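Participant: Provide a 3D model corresponding to the input given below.
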Amino acid sequence: ATCCDMLICVLFSLFRFLSELVKVDLSHNHIMSITEGAFQHQGKLKELKLDNNKIGQITNKTFFKLAQMEFVSLRGNEVTEMPPNVFEHSKKLQKVDFARNRISKVHPNAFKGLKAIRILHLEDNWLQSVPSDSFKDLSNLAELYLSGNPFTNTIAPDSFSSLRSLTFLDLSSCRLKKLEGTSLRGLVTLRRLRLEDNNFSRVPTEAFLIIPILHDLLIGSNPFTTISICTYMKF
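Facilitator: Alright, predicted model coming up:
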């Protein structure tokens, strides 16, 4: 083992004596894995940051006994999959940040029971489609960041239909060529939508008609050649 590995092991061992911790930031280290139950003595922990490490895997024991945790961030790691029930011990989570990983699969039960979550970052991963089955429990989610994922041309119908409280959605830089008329169905509270830097040849007006209170639409850096009026629009 390298000196760095030994230091990390000692650090995790020390946590058993630090039961009063409320915030832990282990960002910008060389952590490759987290021992299951590594934070089980931090029952009062509310914020955990492990950004910019080399973590490749998490399980439903990674956040064992972190019942008070409200914010967790593993931004900039090498996680490839969000497994089932990964946050089952942290039902008070309000913000989850897994941006800039290598996630290509999100299990349908990855966010099971997270009724309090308000902000979810999954941008700059390897998702090829919106993991809509994973959103079924996120009825109170307000902000969803999916930019920079290599989606295949369009968004499937009703991909966001369970997100009845969503106010902000980021789908920029996702290689999208079109949106169906039902791609955004269910987003009755959406106020801000980002669609910049995609491959739209025309404005997907039909998709916007079912978003009743949309205030901000950011749709620059697309190869538009013309802007036409949708035949369904009423004046």
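
Participant: contacts, neighbours, all on C-alpha from now
Facilitator: OK.

Participant: show me what contacts the nearest residue to L190 once chain neighbours are set aside?
Facilitator: Distances taken as CA to CA, 6 or more residues apart in numbering put T167 closest to L190, at 4.0 Å, once the chain neighbours are dropped. Going by CA atoms under 8 Å, 6 or more residues apart in numbering, T167 touches A142, E143, T189, L190, R191, R192.

Participant: so which of those residues wins on neighbours?
Facilitator: L190 (23 neighbours; other CA atoms under 10 Å).

Participant: next up, the contacts around that one.
Facilitator: Taking CA under 8 Å, 6+ apart, one finds S165, L166, T167, F168, L169, I211, I213, L214 in contact with L190.

Participant: what is the neighbour count of the last one?
Facilitator: Same thing as L214. Using other CA under 10 Å, L214 has 18 other residues around it.

Participant: apart from its chain neighbours, what residue comes closest to it?
Facilitator: R191 (4.1 Å).

Participant: residue contacts, that neighbour?
Facilitator: Listed by CA under 8 Å, 6+ apart, the contact set of R191 reads T167, F168, I213, L214, H215, D216.

Participant: with adjacent residues omitted, what lies nearest to the last one?
Facilitator: Put plainly, it is D216. In space, and not counting its chain neighbours, D216 is closest to R192: 4.6 Å by CA to CA, 6+ apart.

Participant: just the pLDDT for that neighbour.
Facilitator: Here the pLDDT value assigned to R192 is 98.

Participant: quick one: the helices in the chain?
Facilitator: 3-14, 205-208 (DSSP state H).

Participant: could you tell me the least trusted of the ones you listed?
Facilitator: When I compare those, helix 3-14 is least confident, with a mean of 54.

Participant: need the contact partners of stretch 100-115.
Facilitator: Residues contacting stretch 100-115 (CA under 8 Å, 6+ apart): 75-88, 90-93, 122-128, 131, 133-135, 137-140.

Participant: what about F39, distance to S161?
Facilitator: Distance from F39 to S161, counting by CA to CA, to the nearest Å: 35 Å.

Participant: ugh, wrong one, T62
Facilitator: According to CA to CA, T62 and S161 sit 30 Å apart.

Participant: cool, F200 as well?
Facilitator: Distance of F200 to S161, computed by CA to CA: 23 Å.

Participant: surely F87 meets N60?
Facilitator: Yes. Judged on CA atoms under 8 Å, F87 makes contact with N60 at a distance of 6.4 Å.

Participant: looking at those two, which is more packed in?
Facilitator: It is F87, of F87 and N60, that has more neighbours when counted by other CA under 10 Å, with 29 against 17.

Participant: give me the below-cutoff pLDDT ranges for this structure.
Facilitator: 1-14, 17, 228-235 (pLDDT under 70).

Participant: just to revisit the earlier point, now the buried members of the contacts of L190.
Facilitator: S165, L166, T167, F168, L169, I211, L214 (16 or more other CA atoms under 10 Å).

Participant: residue contacts, the second one?
Facilitator: Just to be clear, that refers to L166. So L166 contacts N140, L141, A142, E143, L144, L187, V188, T189, L190 (CA under 8 Å, 6+ apart).
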